[in-house]
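[1] 3D model of this:
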Amino acid sequence: MSVIPIDLNGLGDVNQLSNAELKMKLEQAGYKFQKTYQASENYIHRKIADSDVLISVGSNIANFNGYIEINESAADLWAKLQQPSKLGELEQVLEEKYGINHEIAVQDVLDFIQLLKEHDMVVMR
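    Predicted coordinates:
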């Protein structure tokens, strides 16, 4: 854990902000999100009958015996996560490919990363 001083006065009531709004305000205040995320090697992506799926492999089969169906944008993020990636890089994937605004991309990426973390599908460095 590291404590990074930042002037919170300009952020307003952070309890009222969504995760995406708070992330964007922290970035505007000069905070740089430096952690990288990478897909766990315990899952592989396959295209099966027009569906994108993540399949549990190796020793992870004992923990999760099945597959997870994902949509196209999640498949794009998963492909990017094959290499260590920062949140901003993941957001850029969605903004460029789908033409969505930054706040929506931030929220989508945060939600996706949270889901992956809950299921030990991503490594954080």
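[2] Could you use CA atoms for every contact and neighbour count after this?
    Will do.
[3] For the chain, which segments count as helices?
    Ranges of helices in the chain, per DSSP state H, are 19-28, 72-80, 87-98, 102-118.
[4] Please spell out the segments of the protein that come in under the pLDDT threshold.
    Along the chain, the parts satisfying pLDDT under 70 run over 1-2, 60-65.
[5] thinking again about what came up before, need the helices of the chain in CSV (columns: distance to Asp7).
    Output for these, formatted as CSV (distance: least, Cα to Cα, whole Å):
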stretch, distance to Asp7
helix 19-28, 9
helix 72-80, 32
helix 87-98, 22
helix 102-118, 22
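[6] Would you format those as CSV with mean neighbour count and distance to Asp13 included?
    As requested, the helices of the chain are exported to CSV (neighbours: other Cα atoms under 10 Å; distance: least, Cα to Cα, whole Å):
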stretch, mean neighbour count, distance to Asp13
helix 19-28, 16, 10
helix 72-80, 17, 31
helix 87-98, 17, 23
helix 102-118, 17, 18
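[7] out of the ones you listed, which comes closest to Gln34?
    Closest of those to Gln34 is helix 87-98, at 8.4 Å (criterion: Cα to Cα).
[8] what's the angle from that closest one to helix 102-118?
    Using axes from the mean of the first three to the mean of the last three Cα atoms, to 10 degrees, the direction of helix 87-98 lies 120 degrees away from that of helix 102-118.
[9] Off-centre distance for helix 87-98?
    Mean C-alpha position of helix 87-98 versus that of the full chain (Cα atoms, centre = their mean, to the nearest Å) differs by 10 Å.
[10] Please enumerate residues in contact with that helix?
    33, 35-37, 73, 76-77, 80, 100-102, 105-106, 109-110 (Cα atoms under 8 Å, 6 or more residues apart in numbering).
[11] ok, 7 Å please
    Helix 87-98 is contacted from outside by 77, 100-102, 105-106, 109, using Cα atoms under 7 Å, 6 or more residues apart in numbering.
[12] quick one: which of the residues you listed is nearest Ser18?
    Nearest to Ser18 out of the contacts of helix 87-98 is Val106 (Cα to Cα; 10.5 Å).
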